[in-house]
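Trainee: sequence below, structure please.
(one chain, ligands or ions: 1)
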Amino acid sequence: MHIVCPSCAAMYDVPDRQMKVGRKVRCAGCQNQWVPVIASLDIAEVEAEEAVPAAAHGEMASLPGMTAMDRLAAHQVVPKRNMVLLAAWAGSGVAVMLLVLAAYGWRADLMSAWPPSVRLYAALGLVGGH
Ligand SMILES: [Zn+2]
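Mentor: Coordinates of the predicted model:
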């Protein structure tokens with residue numbers, strides 16, 4: 001099995017039959033002596049698996065923050081929709097303005113091409129000289 005020196009992190013590959021529970025080993029690098037975890041390896045794995053739900057509980061505890069973020073995101077959606085609506089209205093308003101400006105700028109051409117429009121322009125007071 002692999003054991004790791006807790007002092008200098010040196011790794012050793014020791015045959016299992018040489019390892020005994022509670023037996024001290026000494027690091028060849030730093031002379032540190034410690035009792036490696038051997039037979040309790042399975043227990044350590046079980047503890048690690050039991051630690052997963054605890055971590056999940058920690059994530060559950062952070063969920064209110066997530067929902068707060070979701071709420072913030074939801075709040076951001078509404079102004080965006082209003083902005084799109086405003087942009088659509090502004091765009092159509094600009095389009096109408098351009099149409100009016102074009103009708104005003106090209107009124108002579110329009111009146112010659114479509115004589116009834118003269119009355120419309122006259123009603124609007126845009127025809128001078130009459
Ligand atoms: Zn060591």
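Trainee: could you find the closest non-adjacent residue to Met1?
Mentor: If you skip the residues right next to it in sequence, Met1 has Asp16 as its closest partner in space, 5.5 Å away by C-beta to C-beta, 6 or more residues apart in numbering. All C-beta atoms are positioned from the backbone trio N, CA, C, and that covers glycine.
Trainee: from the ion, how far off is that neighbour?
Mentor: Asp16 sits 21 Å away from the ion, going by C-beta to the ion, to the nearest Å.
Trainee: looking at the chain, which helix or strand is least sure?
Mentor: helix 41-61 (a mean of 50; mean pLDDT, DSSP states H and E).
Trainee: hmm, back to that, isn't the residue nearest to Met1 right up against His2?
Mentor: No. Here Asp16 does not reach His2: they are 10.7 Å apart, not a contact under C-beta atoms under 8 Å.
Trainee: quick one: what helix or strand has Ile3 in it?
Mentor: Per DSSP states H and E: Ile3 is located in strand 2-4.
Trainee: brain fart, Met83
Mentor: helix 63-105.
Trainee: toward the C-terminus, what is the element adjacent to that helix?
Mentor: Next along from helix 63-105, by DSSP H and E: helix 107-113.
Trainee: follow-up on the earlier one: give me the contact list for the next helix or strand after the strand holding Ile3.
Mentor: In the C-terminal direction, the helix or strand that comes right after strand 2-4 (DSSP H and E) is strand 11-13. Contacts to strand 11-13, defined as C-beta atoms under 8 Å, 6 or more residues apart in numbering, come from residues Met1, His2, Ile3, Val4, Cys5, Val25, Cys27, Ala28.
Trainee: cool, and stretch 111-130?
Mentor: Tyr104, Arg107, Leu110.
Trainee: what does this protein put close to the ion?
Mentor: Cys5, Ser7, Cys8, Ala10, Cys27, Gly29, Cys30, Asn32 (C-beta under 5 Å from the ion).
Trainee: buried subset of the contacts of stretch 111-130, written for PyMOL?
Mentor: Here the buried members of the contacts of stretch 111-130 are turned into a PyMOL selection, burial being counted by 16 or more other C-beta atoms under 10 Å:
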select buried, resi 107+110
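Trainee: can I get the contacts of stretch 111-130 in TSV with pLDDT?
Mentor: Below are these laid out as TSV (pLDDT from 0 to 100):
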residue	pLDDT
Tyr104	84
Arg107	82
Leu110	79
